[in-house]
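Chemist: Please work out how this folds:
(chains A and B)
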Amino acid sequence: MAELDTRPVNPALNRPLSPHLGIYRPMLTMMMSITHRITGAALYAGTLLLAWWLLAAATDAKSFETAAWFMASPFGRLILFGFTWALFHHLLGGLRHFVWDMGRGMDHPEREYLAQGTMIGGVVLTVLVWVAAYMAR
Amino acid sequence: MSNTSRMRTPIAEVRHLGSAKSGTKHAWHMRITSAALVPLTIAFVWIVLTLVGKDYNTVRATLGAPLPAIIMLLFLLASVYHMKLGMQTIIEDYVHGEHAKAWSLLGNLFFSFAVGLACVYAILRISFV
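Modeler: A predicted model of the protein is given here:
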């Protein structure tokens, strides 16, 4: 008779662990992976700001003034600048994942170029967009 | 997998060897929303940029026009679903207690639905009211 394994799934079981963050020397590709997740989580929280702005515009002029005032304040601008960067960084990180999905860009030095491109591209796009926004005023 | 030649049940073959739930669908939906979000995000940033520093009536007129409204709605639907999937992965990676995990996943679902619905409602109200 077959032995049916009825042990409950126990996370405390002494299973082998795959290599984890603590034992690696920091590398750019690793940093881009971490920042991809962090920017994703930040954008998740940032949707509250978008919801506030849209709901204010949907409510009345007074609510919109308040939201617009906050966005235009130095603190608001700092948050929006970070929001823009997180958006572009995450977008480029996503494109990098598409390259990997095609089975390319995983070897050295391609993966390093992709990591550098994500890091630099995110900053460049953010600055370009903000310069364009200020020039269009 | 053929189970005729042996007396082992399929569950015994896979127990403790990882999940067999909906990971493939999750990963595929992540790719689909990612692909949609590349052009939609660029369009979203462009729409919001043109509204920086504009007054209440201009902002409402722009967001309420058909094309920007539809782009915003598509962006919101795709990004809210995308972020729900993403946060689910983060929770599944880091929250290990069964109760804490269940509550976190529920909270993620509620947050994503609430934010998404609020934004969609706002766009529709700007468009039609």
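
Chemist: contacting residues around the residue of chain B found nearest chain A?
Modeler: Residue nearest to chain A within chain B (CB to the nearest CB): B:Ala122, separated by 3.7 Å. To be clear about C-beta, it is placed using only N, CA and C from the backbone, and glycine gets the same treatment. Going by CB atoms under 8 Å, 6 or more residues apart in numbering or on different chains, B:Ala122 touches A:Ala51, A:Leu54, A:Leu55, A:Ala57, A:Ala58.

Chemist: name the helices or strands packed onto the helix or strand hosting the last one?
Modeler: Right, A:Ala58. Following DSSP states H and E, one finds A:Ala58 within helix A:28-59. Where contact means 3 or more CB pairs under 8 Å, 6 or more residues apart in numbering or on different chains; DSSP states H and E, helix A:28-59 is packed against helix A:61-72, helix A:74-101, helix A:110-135, helix B:56-64, helix B:66-94, helix B:98-128.

Chemist: got CSV for the contacts of B:Ala122, with pLDDT, distance to A:Ala68 and neighbour count too?
Modeler: Output for the contacts of B:Ala122, formatted as CSV (pLDDT from 0 to 100; distance: CB to CB, whole Å; neighbours: other CB atoms under 10 Å in any protein chain shown):
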residue, pLDDT, distance to A:Ala68, neighbour count
A:Ala51, 98, 15, 20
A:Leu54, 98, 12, 24
A:Leu55, 98, 13, 19
A:Ala57, 97, 9, 24
A:Ala58, 98, 14, 22
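
Chemist: okay, the helices and strands packed on helix A:28-59 in TSV with distance to B:Leu49 next?
Modeler: Formatted as TSV, the helices and strands packed on helix A:28-59 follow (distance: least, CB to CB, whole Å):
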stretch	distance to B:Leu49
helix A:61-72	12
helix A:74-101	9
helix A:110-135	5
helix B:56-64	11
helix B:66-94	12
helix B:98-128	17
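
Chemist: Can I get those in TSV including mean pLDDT and distance to B:Arg15?
Modeler: Output for the helices and strands packed on helix A:28-59, formatted as TSV (pLDDT from 0 to 100; distance: least, CB to CB, whole Å):
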stretch	mean pLDDT	distance to B:Arg15
helix A:61-72	96	53
helix A:74-101	96	30
helix A:110-135	95	36
helix B:56-64	97	53
helix B:66-94	97	19
helix B:98-128	97	17
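
Chemist: nearest to B:Ile32, of those?
Modeler: Proximity to B:Ile32, assessed across the helices and strands packed on helix A:28-59 by CB to CB, is greatest for helix B:66-94 (8.6 Å).

Chemist: any idea of the angle the closest one forms with helix A:74-101?
Modeler: Between helix B:66-94 and helix A:74-101, the angle comes out at 70 degrees (axes from the mean of the first three to the mean of the last three CA atoms, to 10 degrees).

Chemist: Do you know the pLDDT at the residue nearest the centre of chain A?
Modeler: In chain A, the centroid-proximal residue (CA atoms, centre = their mean) is A:Thr39; its distance is 2.3 Å. Note on A:Thr39: pLDDT of 98.
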